[in-house]
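Trainee: Give me a model of this one.
(chains A and B)
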There are 2 protein chains.
Amino acid sequence: MDTVHKLSGYLKEVGMDTRVIGIPKTIDNDLRITDHTPGFGSAAKYVATTMQEIIRDSSVYSIPSVTIVEVMGRHAGWLTASSAVLHAMGEPASYLVYVPEANFSERRFLRDVEQEMAKYKAVVVAVSKGIAVPEGVQSGLIDQFGHKYLSGIGKYLKQMARSQFGCKVRSIELNVMQRCSSHLCSKTDIDESEQIGMAGVRCAMQGVTGRVMVFRQIHDKPYTVVMEPADAALIANREKFLPGDFLTPAGNNISENALAYFLPLIQGELNLIMENGIPVHFRVQNIILP
Amino acid sequence: MDTVHKLSGYLKEVGMDTRVIGIPKTIDNDLRITDHTPGFGSAAKYVATTMQEIIRDSSVYSIPSVTIVEVMGRHAGWLTASSAVLHAMGEPASYLVYVPEANFSERRFLRDVEQEMAKYKAVVVAVSKGIAVPEGVQSGLIDQFGHKYLSGIGKYLKQMARSQFGCKVRSIELNVMQRCSSHLCSKTDIDESEQIGMAGVRCAMQGVTGRVMVFRQIHDKPYTVVMEPADAALIANREKFLPGDFLTPAGNNISENALAYFLPLIQGELNLIMENGIPVHFRVQNIILP
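Mentor: Down below sits the predicted model:
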């Protein structure tokens, strides 16, 4: 988005009438000004769906267990917070959610898990990749090839919980699947992504340059957004964090307040084209250029 | 399945007319006598779909990369081999597949990857959890809590490839998602699972006991299976491995011969009931008992 600003400035300077419009996209949803970003709704749908499935998977065992699910998000917990959707499903199982916006304390984490284990056989914990842990602990390992072994926060908390509780503890990384599972897209996200691209082209045709397209929600019921150009300088190099009231007071789950934000973004499914039992991917070589 | 044998024997001995029929289920598909096992088709559909998505994800970068995908399977490579479906899709990207049935050599693995890297920017490698690596190497790490750190084969090969090639190397564990992603089931698998359960009940009603229900394929085009009882003793405590001709001569991919086996098992999708943008899970408390 910074490049949009610089490039449009340069083109004006050298007298070229080429317009530059930025279309944001990130599953992280951490851009300011825009209500949300293309890509986020589909990733959020995947995370909420998968959290529900992991909770179900963990509930079939008769022995106590803790399952740590590591979700993308270095500084902002948007994706992890999409598990808030489980409130709407009346999910009866135990789960805890830790995002970078709440101060993370290992002591409180262990106490939270212990409290849940007193009530439930299986405890599932969703954590953002970027929740704070003491500097250095993650890189204390040297692998068999002499390199520092960088374990993620999920593995770190797994080892800690296993040490503390001595029960079955697993850690699961949603890894690239949370951004590439195109078989489970939000139709709302895909439709809006096409629309914001078209809106960007229309703006450029009308002479707009050096701006970034954003979503602005103008109505909540029914959910209605407009797409409009915004100042790239306001968006570039700054992050957007979860609002405080999206977190529970204890900071170990997402509040029901967050539901109204997340639900519209994950609605609808695409009709997948299946071949040989798996989805057909669109390939660039399929395009016939004029 | 061993329990079926023992329990039915005991019940006969004490003169109780209670019949015991085993219904196999395992996503590992490593049971003998039966053509395949309930659960496998859905997990195979997930693995093939996700491999295709990870290949697509890895192809968007301009820098060279290696991606290692770790799939379940300790002694048999059935799930990993389901990536054979990508042959039917004419997948143009580079991928390698290593299963426990082929002797694994680290030297050959590195040579294979190097050869692919000479031709392709991104190389994706699917490996079964149980391919052989030198004893002990995986447990050479001690974590910050004083415990042995057990890294999987994916992480091990990642560190090795990074050491050798110095490029971007990732490892991805499909973890429990390969068995619990109920949003992406094979309709064939779900239908057959219901049918084999019913067939088991019918057998018990007819007086059969101490046997295990199996699938036998009686026709290939169209794919047709019958369900019949088999001797539990033949199935218990023994594994079924990939046939030799399912592997390429080099032992680093699955051959097209495997396609005819895998394709029928992953056909069809369920109509999911969605609520709030995610699938509704069936709950036991919803059942009204008569």
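Trainee: So the residue of the stretch 101-250 of chain A found nearest chain B versus residue A:72, what's the distance?
Mentor: Nearest residue of the stretch 101-250 of chain A to chain B (CB to the nearest CB) works out as residue A:180 at 3.8 Å. C-beta: built from backbone N, CA, C; applies to glycine. When distances are taken as CB to CB, to the nearest Å, residue A:180 and residue A:72 turn out to be 12 Å apart.
Trainee: Residues in a beta bridge with residue A:228, which ones?
Mentor: residue A:214 (DSSP bridges).
Trainee: Hmm, it is touching residue A:213, no?
Mentor: Yes. Contact between residue A:228 and residue A:213 holds when scored by CB atoms under 8 Å: they sit 7.2 Å apart.
Trainee: okay, these two: which has more neighbours?
Mentor: In terms of neighbours (other CB atoms under 10 Å in any protein chain shown), residue A:213 is the more surrounded of residue A:228 and residue A:213; the figures are 24 against 17.
Trainee: My understanding was that that one contacts residue A:25; is that so?
Mentor: No. Using CB under 8 Å as the test, residue A:213 is too far from residue A:25 to be in contact (10.5 Å).
Trainee: Just confirm residue A:229 contacts residue A:211, I think it does.
Mentor: Yes. When contacts are counted by CB under 8 Å, residue A:229 is listed as touching residue A:211 (3.7 Å).
Trainee: anything in contact with each of these two?
Mentor: Applying CB atoms under 8 Å, 6 or more residues apart in numbering or on different chains, one finds that residue A:229 and residue A:211 are jointly contacted by A:21, A:203.
Trainee: Name the SS class of the residue nearest the centre of chain A, please.
Mentor: For chain A, residue A:79 is the residue whose C-alpha lies nearest the centre (CA atoms, centre = their mean; 2.4 Å). Of the three states, residue A:79 takes helix under DSSP: H, G, I helix; E, B strand; the rest coil.
Trainee: where do the helices sit along the stretch 151-290 of chain A?
Mentor: Across the stretch 151-290 of chain A, reading from the start of the chain, the helices by DSSP state H, counting those that start in this stretch fall at A:153-165, A:177-180, A:187-205, A:232-235, A:259-265.
Trainee: ditto for the stretch 1-150 of chain A
Mentor: Remark: helices of the stretch 1-150 of chain A, listed N- to C-terminal, are A:2-13, A:40-58, A:78-81, A:85-88, A:106-119; assignment by DSSP H, counting those that start in this stretch.
Trainee: Can you lay out those as JSON lines showing distance to chain B?
Mentor: JSON lines is the format used below for the helices of the stretch 1-150 of chain A (distance: least, CB to the nearest CB, whole Å):
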{"stretch": "helix A:2-13", "distance to chain B": "16"}
{"stretch": "helix A:40-58", "distance to chain B": "4"}
{"stretch": "helix A:78-81", "distance to chain B": "14"}
{"stretch": "helix A:85-88", "distance to chain B": "4"}
{"stretch": "helix A:106-119", "distance to chain B": "12"}
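Trainee: Ok, which of these comes nearest residue B:111?
Mentor: Between residue B:111 and those, the tightest spacing by CB to CB is seen for helix A:40-58, at 36.1 Å.
Trainee: quick one, that closest one and helix A:187-205 angle?
Mentor: 160 degrees (axes from the mean of the first three to the mean of the last three CA atoms, to 10 degrees).
Trainee: about what we covered before: pull up the overlap in contacts between residue A:228 and residue A:213.
Mentor: residue A:199.
Trainee: list the contacts for residue A:274?
Mentor: With contact taken as CB under 8 Å, 6+ apart, residue A:274 is in contact with A:280, B:269.
Trainee: for residue A:188, what are its contacts?
Mentor: Counting by CB under 8 Å, 6+ apart, residue A:188 has contacts A:41, A:264, A:265, A:266, A:267, A:268.
Trainee: count of neighbours near residue A:239?
Mentor: Per other CB under 10 Å, the neighbour tally for residue A:239 reads 11.
Trainee: Now do the residue nearest to it when sequence neighbours are not counted against chain B, distance only.
Mentor: The shortest distance from residue A:239 to any residue other than its chain neighbours is 4.6 Å, reached at residue A:30 (CB to CB, 6 or more residues apart in numbering or on different chains). When CB to the nearest CB, to the nearest Å is applied, the distance between residue A:30 and chain B equals 20 Å.
Trainee: Export the helices of the stretch 1-150 of chain A to TSV and append columns for mean pLDDT and distance to residue B:188.
Mentor: Converted to TSV, these look like this (pLDDT from 0 to 100; distance: least, CB to CB, whole Å):
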stretch	mean pLDDT	distance to residue B:188
helix A:2-13	91	49
helix A:40-58	97	20
helix A:78-81	98	33
helix A:85-88	95	30
helix A:106-119	96	39
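Trainee: hmm, back to that, residue A:229 and residue A:211: which is more packed in?
Mentor: Regarding residue A:229 and residue A:211, a neighbour count based on other CB under 10 Å identifies residue A:211 as having more, with 24 against 19.
Trainee: pLDDT value on that one, please?
Mentor: In the prediction, the pLDDT value recorded for residue A:211 is 95.
Trainee: so who does it touch?
Mentor: Remark: with contacts taken as CB under 8 Å, 6+ apart, residue A:211 is in contact with A:4, A:21, A:22, A:203, A:229, A:230, A:231, A:232.
Trainee: Quick one: buried ones out of those?
Mentor: If you count burial by 16 or more other CB atoms under 10 Å in any protein chain shown, the buried members of those come out as A:4, A:21, A:22, A:203, A:229, A:230, A:232.
Trainee: what's the closest non-adjacent residue to the second one?
Mentor: Going back to what we said before, that points to residue A:21. residue A:200 (4.3 Å).
Trainee: so that neighbour makes contact with residue A:23?
Mentor: Yes. With contacts defined as CB under 8 Å, residue A:200 counts as touching residue A:23 at a distance of 5.1 Å.
Trainee: which residues do these two both contact?
Mentor: Overlap between the neighbourhoods of residue A:200 and residue A:23 consists of residue A:213, taking contacts as CB under 8 Å, 6+ apart.
Trainee: Buried residues in stretch A:49-61, which are they?
Mentor: Within stretch A:49-61, the residues scored as buried using 16+ other CB under 10 Å are A:49, A:50, A:51, A:52, A:53, A:54, A:55, A:56, A:57, A:58.
Trainee: Check the helices of the stretch 1-150 of chain A for me and report the most buried one.
Mentor: helix A:78-81 (a mean of 29; mean count of other CB atoms under 10 Å in any protein chain shown).
Trainee: Show me the contact partners of that helix.
Mentor: Looking at helix A:78-81 with CB under 8 Å, 6+ apart, the contacting residues turn out to be A:27-30, A:40, A:43-44, A:47, A:71-73, A:97-99, A:126-128, A:178, A:242, A:246, A:254, A:258, A:262.
Trainee: Quick one: distance of it to the chain centre.
Mentor: 5 Å (CA atoms, centre = their mean, to the nearest Å).
Trainee: Dump that helix to CSV, keeping only the CA atoms.
Mentor: In CSV, the C-alpha atoms belonging to helix A:78-81 read as follows (Å, rounded to 0.1, in the frame of the first residue of the first chain):
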residue,chain,number,x,y,z
TRP,A,78,-8.3,-11.6,14.2
LEU,A,79,-8.0,-15.1,12.8
THR,A,80,-7.8,-16.8,16.2
ALA,A,81,-10.8,-14.7,17.3
